[in-house]
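Colleague: The following comprises the amino acid sequence and a computationally predicted model.
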Amino acid sequence: MGRNLAARIGVWSAHHRKTAILGWLLFVVLAAGIGGASGMVEMTNAENGAGDSARAEQILSDAGLSHRSGELVMVSSAEPDGWRTAARELTAALGKTGEVTGLAAPVASENGKDALITFEMKGDAATASDRVQPVLDAVEGVQKERTDVTVHQFGDASAGKWLGDLLSDDFKKAEFTAVPLALGILLVAFGAVVAALLPVGLALTACLAAFGLLSLASHQLHLFQTTYSVMFLMGFAVGVDYCLFYLRRERDERAAGRDAETALRIAAATSGRSVLVSGLTVMVAMAGMFLSGLLLFKGFALATIIVVFIAMMGSVTVLPALLSWLGDRIDAGRVPLLNRRGKRGTKQSGRIAGKLLRPVLSKPKFFAAAAVVVLLVLAAPALGMKTEELGLEKQFGSNSQLAVAYRSISEAFPGGPAPAQVVVEADDIEAPGVRKALDGFDKVAVHRAQNVAEIEIPLPHGESDLTELREERLPAAFDGTGARAYVTGEVAGSTDFNDQLKRGILPVFLFITAVTFLVMLFCFRSYVIAVTAILLNLLSVGAAYGVMVAVFQHGWGASLIGSEGVGAIESWMPLFVLVVLFGLSMDYHVFVVSRIREARGRGLSTPAAIDEGIRRTAGAVTGAAVIMVAVFSVFGTLSMQDMQQMGVGLAVAVLLDATIVRMVLLPSVMALLGERNWRTPRGLSRLPALDHSEPEPGPAADPVGTGLGG
């Protein structure tokens, strides 16, 4: 039989089991060990920003003016001036910690019931969260002693400490919840412990190796702190799915009466090939994020490409070696009840899929229109999507200690927790014109040696005040002085980040649609299938956007998942979800359409091929989707709003993609198109054909199979 690349790799691995297995283990150990020893390098504020705010951060960095970590502590009392004794005690306690500098006298609010104490942490702001605990203890101590007042603290160091602790706990929660979930699903699917452990083990080792390689790469391309969580989310889900597709096909071929070597060869040539095509599509689609112009997305792209590549290579190399070595021992550890269910599983899923397909294929126009309407209705809320870089006060819920402190301080001292920081750069910061301009502001710090000045300006009305500051106040103050003023801070950073995203999303979208089209065109030699894949992806993405906006922007049903509406979607989420879903949906699309094309290549009519292809892949797609939805849903239960948005958005999209899109919309559209599905462009007909046919007819017709099928 003619062998494609996946088949040749699979056969080599099966014949060189020891080399493949030991080589994989050595690679994982070396990558994890070396990467762990090197550590991860996180991006700076300047690297994570865009526009004027990033320029301001870079000026400070180049001048060696590292940010001090600012902290605010507000003491509130029931009566005016009732805070004075507690404020004196708090100021003294903070001074004794030896960790603070610039400790200012308390400033009273308009009604006199609140006082704001400002100070900065000594040393580098990047490590301030590691040294803030004595300060937190001092504030907590005063609060315990003085029950007549309420104390709220908010700042870079205290928020960073809380964020770091939560991220660590969340990552452990995700890892220790997702893995048993996937294992349980696979155990139900296969009815055997060894068969269930194999995909989980390979996915985890792939993630482990990817963590190490990403740590090494971070020394050249600095990363955002949540990048590891994103990598695990993608790597584990994709790794399990790839192994599942491959393992399921091998078991089906054995159930069809083929010998072990032939079954493995067919699995490598079909599912192995689908894994290679899917993995390649995901990686190239992810590369589109490099066009965003933001380092955050470049890090996400690099992390996902690394983990998908490793998971893909593990599935087509070490997995066939393990299957060849285990042989029938793959069914070891049978669970009687689950095993009986497993033997009926795919036949039942095939029959269920057949019953669902019958009306779809008999009335394709009706079901195609109905599916499109459902997806468009779900997508409708996305028309009002608002994005912003969510501050820490929104990331953890309105009742969290951090959010309460932020809200309380903002109400008493508008603009206090999130002021604008203006960085002024001049050839001579002491020039008369520049000094006169600086004298027009209240909080000014002049660094003569660096010819840089910093100005702190409250923004009580957020973006509207920022616009006025940038377009009117600063130009009026520094016009003609030769000085250059740039605004940074939380509000300015979020605005500039959003503006860059709006500029970057079009080239990213054009890139991934072009890549998807070309990969599908080359894979199936049909521009109709390529265009159909893109349109189905867009419907899935639109529906996912709509659900995210409804739940997290408007708060519809958010309480059901322990979340709440925050009035906006995290600014990086739409682009990330778009790219990820374009990549991940190719898993199902390639797998299903390959099986349809395989049946068509054996001479079946297009409707019959659609019926057979979807019936035989229904179990595998369902099982893979259940695992992905389960893993993504775990992230929807974490503490941070952006992780919740990502988890729910991806889970909903995969669920819709595996049900409405693959079971209703895809077959109905392909049935309507008929033979036009297989139109090959004249120029492409000269390229080598990628085999979709049954690699080698066996002694028995390929059954629906057992377990998950396909």
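Modeller: Thanks, I have it. Residues are numbered from 1 along each chain as shown.

Colleague: pLDDT at residue 708, what is it?
Modeller: Note on residue 708: pLDDT of 30.

Colleague: Now residue 295: closest residue in space, sequence neighbours ignored.
Modeller: residue 47 (4.9 Å; C-beta to C-beta, 6 or more residues apart in numbering). C-beta here means a position set from N, CA and C on the backbone, and glycine is covered the same way.

Colleague: show me the contacts for the one you found.
Modeller: 54, 222, 295 (C-beta atoms under 8 Å, 6 or more residues apart in numbering).

Colleague: what's the neighbour count on residue 219?
Modeller: Residues near residue 219, counting by other C-beta atoms under 10 Å, number 11.

Colleague: and it, that's in a strand?
Modeller: No: read with DSSP: H, G, I helix; E, B strand; the rest coil, residue 219 is coil and lies in no strand.

Colleague: give me every residue that touches it.
Modeller: By C-beta under 8 Å, 6+ apart, the contact list for residue 219 reads 38, 41.

Colleague: Could you tell me the backbone phi and psi angles at it?
Modeller: The phi/psi pair for residue 219 (degrees, to the nearest 10) reads phi -70, psi -20.

Colleague: Just want to check the distance between it and residue 483.
Modeller: 36 Å (C-beta to C-beta, to the nearest Å).

Colleague: Same check on residue 134?
Modeller: In terms of C-beta to C-beta, residue 134 sits 39 Å off from residue 483.

Colleague: how many other residues sit next to residue 476?
Modeller: Counted with other C-beta under 10 Å, residues neighbouring residue 476 total 10.

Colleague: Low-confidence bits of this structure, can you list those?
Modeller: Counting by pLDDT under 70, the ranges of the chain that qualify are 1-3, 66-67, 336-351, 415-417, 683-710.

Colleague: Which residue would you name as the spatial centre of it?
Modeller: Residue closest to the mean C-alpha point of the chain, counted by C-alpha atoms, centre = their mean, is residue 230 at 4.5 Å.

Colleague: That residue touches residue 297, doesn't it?
Modeller: No: contact between residue 230 and residue 297 fails when scored by C-beta atoms under 8 Å: they sit 10.7 Å apart.

Colleague: Can you show me the helices along the stretch 201-350 of the chain?
Modeller: Ranges of helices in the stretch 201-350 of the chain, per DSSP state H, counting those that start in this stretch, are 227-255, 260-267, 273-287, 295-316, 318-326, 336-362.

Colleague: Return the most buried member of those helices.
Modeller: Greatest average neighbour count among the helices of the stretch 201-350 of the chain goes to helix 227-255 (a mean of 26), per mean count of other C-beta atoms under 10 Å.

Colleague: That helix vs helix 260-267, what angle?
Modeller: On the basis of axes from the mean of the first three to the mean of the last three C-alpha atoms, to 10 degrees, helix 227-255 is oriented at 130 degrees to helix 260-267.

Colleague: any idea how far helix 227-255 is from the chain center?
Modeller: Taking C-alpha atoms, centre = their mean, to the nearest Å, the mean C-alpha location of helix 227-255 is offset from the chain mean by 18 Å.
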